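In: Could you work out the structure for the sequence below:
(2 chains)
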Amino acid sequence: MTDEVGTTKVRDVVRAVVTERAPHELPLVEGLFRFDDEEAVRVLAGRGPRREPLGFGLAEATALVTAVVWLVLDQVARRALDAAADGLVARCRSGLRRVLRRGDAAPPRTLPELDRAQLTLVRTQILRLATERGIDTDEAASLADAVVVHLATADPGADGASGSPDTGGEVNRSVSGTDS
Amino acid sequence: MKAVNAPVDGAALVPDRPRRRGIADTGPRFALLMTVVTVSSVSMLDTVLAPKPNDTPGDPLGCLLAAGLDPDGRNVDNVLSTERSSEALSKCMSGVPTVEHWKGMVATLLLLAVAAAVYWWTPRLRELRHRTVPVGDVDRDGTLAAELAELRARAGITYGLAFRVDPARTTAGAVVYGRFGQYTVCLHAGLLVRRSTDPEGFRAVVLHEFAHIRNRDVDFASASTALWRVFVVLALLPYLYHEGRLLLRGLFGLTDSPFWPGAASILAYSLLAGLVLVGLVPLARADLLRRRELHADAGAVDCGAPPAAWQHRDPPGTVAASMRRVTALLRTHPTWAERRRALADHTRLSGVGALSMFLVGVSATLLVNELQVVPGLSADSGAAWCTAAFMAPMLWFPLARSVAASQGTGRGESGVRSGMWLGCGLILGEFARGRHGNEWLAPEPWFLLGLLLAATVAAVWSAQCTRLALALPRRWARWAAGLLNLLVVAAVLGAGLRWWYWSGQYLAVGLHDRTDLLRHQMTSMYPGTWQAYSWELSAVAMLLPNLVDFTTSIPVEAAALALWLLPLVVWACTGAPGLRVRRTLLAGLAGGALCWAGLLAAGYVQHGRRPGSWAERTGAYSFFHTWLVMGAILASSLLTAAAVAAVSRHFWLPRALLAAAVAQLLGMAGWFVLFSADGCLGRYSFLTDRCQWVPAVGLSQIDMLTRTILAPTILFAGCAGLVGAGVGWGVRRVRRGSHVRPAPADHPDETPGRAQTPPPPPVVPAQRGLRLLSSGLVLVLAVSASLLTVAAHESSPGAKPASASVPADTPGDTVDDLVDAPPTARTAKIREWQARAWLGHGGLTHSKRIVDAATDISDAFAAAVQKPRDNGETMLETKKFSRLCGALAKRADDALAYFPVPDKNLQKTWSVTLKGIARQGRICQDAMTPGDADPYRTEADRARVFNQALDEIFDALDPLVAVLDKITKLATSST
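Out: Have a look, this model is predicted:
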């Protein structure tokens, strides 16, 4: 059993969406590609304001689009993975493997094939998080649409498990949690 | 990417940066802070590395106990007992190794080496930890490197500089780090995004970081951080552990030392001194960095950054609003609002920070306290001058800059606030030094306020004098005036600190016994009926030491002269009307008239109680008349200063000082006339009734007056001026409050010293006649006062007047042997320890030697008696007995030089008996030493004196032994 639940990598979708909707954020995305998904998400979730002596003193994060897309898709991928590892023993194994593998670069997270309901939920999450992060409504809608389009048109050739119906709710809570 | 390292000649593009002067004082303040840290590490490591008391040879604690130290007694008694027996104590301590400062110094050198290594490797470690990447890795098209190079050229940075990107930071900022001459600007990944969306904002950030490099902020910040971190780990924490462990052992009852709980306050203050450093360094560092941040902003804008890039909102933060003011002090960045205000109003960059001044005060006193480890700097006077030398530039420079920047803006710089904060810092620093022995607080801590007065006088005078000097037409003249200003500030601060180290701290401890000593010495020096002058005697005894502190130093006397002369000279050169010299001189004349009235009144009062005989008139009576005269001159000068300062609107301190100086000179002239013509004044004559003009006598009096009060009067007048100005300000506020006048909007910054100074007085070219008059006046005043000062100094050091010679140069000498013995210890246990230590450290030995010497004499005498001459007479070998008696006298003297017996009653017997033995021993010695001036006419005479002396000596041995028995009993009372 691996961490992969599909063949569509989260970071590929992120790059595609950012290239389309916010190409100026590409330097950031490329920089983040140096880290594995877990670390990149931690960076994007923000570690709170940290001021350094002799810095400019700005504590606000930029790169809104990247953060919104990556955080939501990462949650989708993780929830799908957890749902695939059904049963307590399998979950423990999965968790243990993650712990043991810490230090090595983890393989990129992948997304399962999403059905219509799940795509709708992802869209809702994108909209909500984008609004929370100060992106105006129209732009948020375009962004959400772009994400859905990319997810829907991604290569579905994978045998991973599909997400459970409550994935969206989990995503909602988790994303809100990481944002705080 | 190191490709941008090539030198770029961009200096031509850099705009003129006059504002860089604004941070010129932060460098020395960083240096001061780091010096404090370094020197503190020496003393802390000394403590940590010192061997445990049980492992050291000698018995320092026993010596202290033998000297009469009572760990539970009053601190002042302990100070007195150690001072009184200082010679015996140092003799007793000679076996105790002194603190091995070399260990601390070597350890500090190692610490510095570690700090240097940390400083050197931190940039590299940082890059590894943050996994930053060269900028070329994210700059595919090369436009970023080109833009950075262009900005770098604009900022005029021609030395080693690398750019990196931190992909893990999504904020639109950057940070600069590195070591000397090799810097790295690390752009946050978020900033690269901002470059596309807000190019001007991107440039502002980068230019801001360049400004940091140009201002050398990187060097200061990284060096101070490295040193501080290493210091905390290697010196501060071990030290706190060392002292804290001792304190905890005592608190939990794990010690049986006689010095517990007396040492609790000493240990607690040691911990406090360390903790003060923990508070001081981060606060001062953050304050300096905040200031430098504002200057980096200004530098970025100077290089073309748009001020709009500073339009950010401050994050709400997680701390409560009430705590935000406190936490803000620790932040290295000012708020965005403050940064915008500083960009909009450049005079804000020149203001003197209250916190800065406070921290300078604390640092300076801590430094001096720690500098005692340096050989030659332990003297109190050296410490005072050293502190003053450190503080003066840090007070003068920001004040001068602030005054210059506030010209024409309506924002006044009075110096009151700066001076008071500096004084508060000094007070806190002195308090944290904890020189209270076994007491938690000095019994009379208000003497510390003297430091506040000194700092405030120095600051206010400096600010007002700088303001006057700005009107000087020539640049070199302004610089010269500034330099003199700096020297005077240093001298005034030094005078205040010297007073503190010489007198103030002993007064704060409660050493008023000095007053008793002086009373005693005066009454024994001047015969007369002292009962009539009881309170005057007390007043003189109180005042005298404080006066003397200001009269034995050339810089202080020169500063006292310059305090009023420098503004006057500047006025004579510029004719600036703000000083209102004519009115001030009139006020001085009024003060002089008041002084004359006082002199006449004193003469009238004294005439009434004049003794009949000449001999009595030259004793106490004459002594007090002189002091009355001094009192009249001093009081009238101070009153004049206070009144002038209270009613003056501008330049109130120079005016007050000028008026006081004029009043003083007039008062002295008046006294010269009165004394030279004494006898012609009828009811007001003080010494004689025969009318004649004797200027020589008057001159001798003036000579004495100048020696004693010339400089102190001016310095005290400065303090009186402060008080007067404060009262005047208070009265005006009350009156303004009672009238309905919404004035505050017009006077936003008003402080006790009238911070709301007016716009600078316009320079009006003085008319020719007026100019000549003013120059003449200045010349007359300057020459007369200078001559008096020179005369005062020339006659003061060698042959001080009898009265002024009483306090000697060191407190140790002034703290007397008036009290024969320390007070008896409160607890029986301490009394027992003291007695045991006293016996063990020499009491027994001295007694035994005396008894042995007496036994030698008696043995020799017995031997001589057994071998009579042929005629039956006893033949004594004079040489032998002379030697033996001399040896006995010496033994008794030695015993007298030993510690007093730690029991008041026994000490009386001990001292009287030993003095008797020494005296009789010398009589015996003289009787047995035939000389040219032989006082003994016949041999029988000689034999009678010899026999009598021997009888007395042997009689005295009984009480001596009795004393010894009692002490031995005391020492063994519990066994």
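In: need the residues of chain A near chain B, please.
Out: For chain A, the residues in contact with chain B (CB under 8 Å from any CB of the partner chain) are A:24-25, A:27-28, A:30-32, A:34-35, A:39, A:43-44, A:46, A:49, A:51-63, A:67. Backbone N, C-alpha and C define where each C-beta goes, glycine included.
In: Mind checking which of these are buried?
Out: Restricting the residues of chain A next to chain B to buried positions leaves A:24-25, A:27-28, A:30-32, A:35, A:43-44, A:46, A:51-59, A:61-63, A:67, with burial counted as 16 or more other CB atoms under 10 Å in any protein chain shown.
In: mean confidence score for the longest helix seen in chain A?
Out: If each helix of chain A is counted by residues according to DSSP state H, the longest one is helix A:64-84. The pLDDT scores in helix A:64-84 average 83.
In: Then stretch B:204-222?
Out: Average pLDDT, stretch B:204-222: 89.
In: ok, B:A308 - how many residues close by?
Out: 11 (other CB atoms under 10 Å in any protein chain shown).
In: Next: B:A204.
Out: 24.
In: That one reaches B:G299, doesn't it?
Out: No: with contact defined as CB atoms under 8 Å, B:A204 does not reach B:G299; the gap is 11.2 Å.
In: so what sits against both of these two?
Out: Common contacts of B:A204 and B:G299, defined by CB atoms under 8 Å, 6 or more residues apart in numbering or on different chains, are absent altogether.
In: Chain B: strands as residue ranges?
Out: B:133-134, B:161-166, B:174-179, B:182-188 (DSSP state E).
In: ok, the shortest one: who's next to it in the sheet?
Out: The one in question is strand B:133-134. strand B:161-166 (antiparallel) (DSSP bridges).
In: Not counting its neighbours along the chain, what's nearest B:S882?
Out: B:M928 (3.8 Å; CB to CB, 6 or more residues apart in numbering or on different chains).
In: And for B:A223?
Out: B:Y119 (5.7 Å).
In: so who does that neighbour touch?
Out: B:179, B:222-223, B:226-227.
In: repeat for B:G842
Out: If you count contacts by CB under 8 Å, 6+ apart, B:G842 has them with B:66, B:88, B:92, B:898-899.
In: ok, so of those residues, who is nearest B:S622?
Out: Nearest to B:S622 out of those is B:A88 (CB to CB; 39.2 Å).
In: Could you report the separation of B:S636 from chain A?
Out: 56 Å (CB to the nearest CB, to the nearest Å).
In: Ignoring the adjacent residues along the chain, who's closest to that residue?
Out: In space, and not counting its chain neighbours, B:S636 is closest to B:C595: 3.8 Å by CB to CB, 6+ apart.
In: again with B:D903
Out: B:T824 (5.7 Å).
In: Was I right to think the one you found contacts B:I830?
Out: No: contact criterion CB under 8 Å: B:T824 and B:I830 do not qualify, at 9.5 Å.
In: neighbour-wise, which of these two wins?
Out: B:I830 (21 against 17).
In: Determine if any part of stretch B:323-332 is in contact with chain A.
Out: Yes: using CB under 8 Å from any CB, stretch B:323-332 comes into contact with chain A via B:331-332.
In: Mean pLDDT per helix and strand in chain B: which one sits at the bottom?
Out: Lowest on mean pLDDT, DSSP states H and E among the helices and strands of chain B sits helix B:811-814, with a mean of 35.
In: next one: chain A
Out: Counting by mean pLDDT, DSSP H and E, the weakest-scoring helix or strand in chain A turns out to be helix A:167-179, with a mean of 39.
In: returning to what we had before: the residue nearest to B:S882 against B:L888, yeah?
Out: No: with contact defined as CB under 8 Å, B:M928 does not count as touching B:L888 (11.8 Å).
In: Same drill for the two, tell me which one is more crowded.
Out: Using other CB under 10 Å as the criterion, B:M928 and B:L888 rank with B:L888 on top: 28 against 22.
In: Could I get the contacting residues of the more buried one?
Out: B:L888 neighbours (CB under 8 Å, 6+ apart): B:850, B:853-854, B:856-857, B:917, B:921, B:924, B:953.
In: Return the member of those nearest to chain A.
Out: Nearest to chain A out of the contacts of B:L888 is B:I850 (CB to the nearest CB; 71.0 Å).
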